[in-house]
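A.B. asks: just coords:
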């Protein structure tokens, strides 16, 4: 439910109870299934601009060895080789995606993965995972994506396994709820400034403070995080 706040009680902005989003340490795929598309005209004025945490892309490992046990064995060995190679590098991690949230993939988990089938080839098994790299302060999209591509190209594939990048490059943000406090502080400061501009006879009403932190991609590696809210100037009662 939205809250109605008078700027003279701006401290109430910080009294909203914590939500699950505030405490979860999830890594969210910004442009994945949980991404929210916003018309620029609908995005509130107060936004927190920052770089995304990671660049990610889907990778498929396919194998067309004739017998099914052989296919699974070769894919499993290839995935284990990928997990070991990623574990040896500080700039590459493997994950699987679950409804827009990334779950770290370890070598111990590989034997439990369910393999898919290529829709056009009944004798071809497929494993899908996500490869990610942290976005550095001096990164460009090309530099970050080249790290992942080099990792995939260097995989020691087993048997008839092949690994390749499939899908679009996407960004992630870790625990977006952690940015709630600085966004609220910025909204409160803007509300005070707005109220002062209109004089003592007016106050500012702010609605939407119970909304969750939302995000959108604002550049190749940049994000805008915000809380959807509305601000209205009204005469004091």
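C.D. replies: Done, it's in. Owing to the predicted nature of the structure, the values given are computational and were not obtained by experimental measurement. Residues are numbered from 1 along each chain as shown.
A.B. asks: Mark out where each domain of the chain begins and ends.
C.D. replies: Domain segmentation of the chain under automatic domain parsing yields 4-51+174-235, 54-171.
A.B. asks: Ignoring the adjacent residues along the chain, who's closest to residue 105?
C.D. replies: Once flanking residues are discounted, residue 105 sits nearest to residue 94: 4.2 Å by CB to CB, 6 or more residues apart in numbering. C-beta coordinates here come from the backbone N, C-alpha and C atoms, glycine included.
A.B. asks: Please apply the same query to residue 234.
C.D. replies: Nearest non-adjacent residue to residue 234 (CB to CB, 6+ apart): residue 205, at 5.6 Å.
A.B. asks: Output the contacting helices and strands for the helix or strand harbouring the one you found.
C.D. replies: Using DSSP states H and E, residue 205 maps to strand 202-207. Here strand 202-207 is seen to pack against strand 4-6, helix 180-198, strand 230-235 when contacts are counted using 3 or more CB pairs under 8 Å, 6 or more residues apart in numbering; DSSP states H and E.
A.B. asks: Give the pairing partners of that strand; include direction for each.
C.D. replies: Note on strand 202-207: by DSSP bridges, its sheet partners are strand 4-6 (antiparallel), strand 230-235 (antiparallel).
A.B. asks: what pairs with whichever helix or strand comes after that strand, and is each one parallel or antiparallel?
C.D. replies: Sequence order places strand 214-217 as the next helix or strand after strand 202-207, per DSSP H and E. In the sheet, strand 214-217 lines up against strand 222-226 (antiparallel) (DSSP bridges).
A.B. asks: The partner strand: which residues count as buried?
C.D. replies: 223-226 (16 or more other CB atoms under 10 Å).
A.B. asks: got the contact list for it?
C.D. replies: By CB atoms under 8 Å, 6 or more residues apart in numbering, the residues outside strand 222-226 that reach it are 30, 43-44, 46-52, 171, 173, 176, 179, 183, 213-218.
A.B. asks: And the helices in the protein, which stretches?
C.D. replies: Assigned by DSSP state H, the chain shows helices spanning 20-23, 68-87, 141-153, 180-198.
A.B. asks: quick one, which of those helices is nearest to residue 126?
C.D. replies: helix 68-87 (8.3 Å; CB to CB).
A.B. asks: Show me what the longest strand seen in the chain packs onto, helices and strands only.
C.D. replies: Ranked by residue count and defined by DSSP state E, the top strand of the chain is strand 121-134. The contact analysis (3+ CB pairs under 8 Å, 6+ apart) places strand 121-134 against strand 54-63, helix 68-87, strand 93-98, strand 116-118, helix 141-153.
A.B. asks: what's the most buried one of the ones you listed?
C.D. replies: Neighbour counts (mean count of other CB atoms under 10 Å) averaged over each of these peak at strand 54-63, with a mean of 22.
A.B. asks: can you list the weak-confidence ranges in this structure?
C.D. replies: Residue ranges of the chain with pLDDT under 70: 1-25, 31-41.
A.B. asks: rerun that using 80 as the cut-off
C.D. replies: Residues of the chain meeting the criterion pLDDT under 80: 1-25, 31-42, 100, 118-122, 237.
A.B. asks: what's near enough to touch residue 118?
C.D. replies: When contacts are counted by CB under 8 Å, 6+ apart, residue 118 touches 62, 64, 124-126.
A.B. asks: can you do 6 Å?
C.D. replies: Residue 118 sits next to 124, 126 when contact means CB atoms under 6 Å, 6 or more residues apart in numbering.
A.B. asks: For residue 136, see how far away it is.
C.D. replies: 36 Å (CB to CB, to the nearest Å).
A.B. asks: Residue 75 too?
C.D. replies: For residue 75, the distance to residue 136 (CB to CB) stands at 32 Å.
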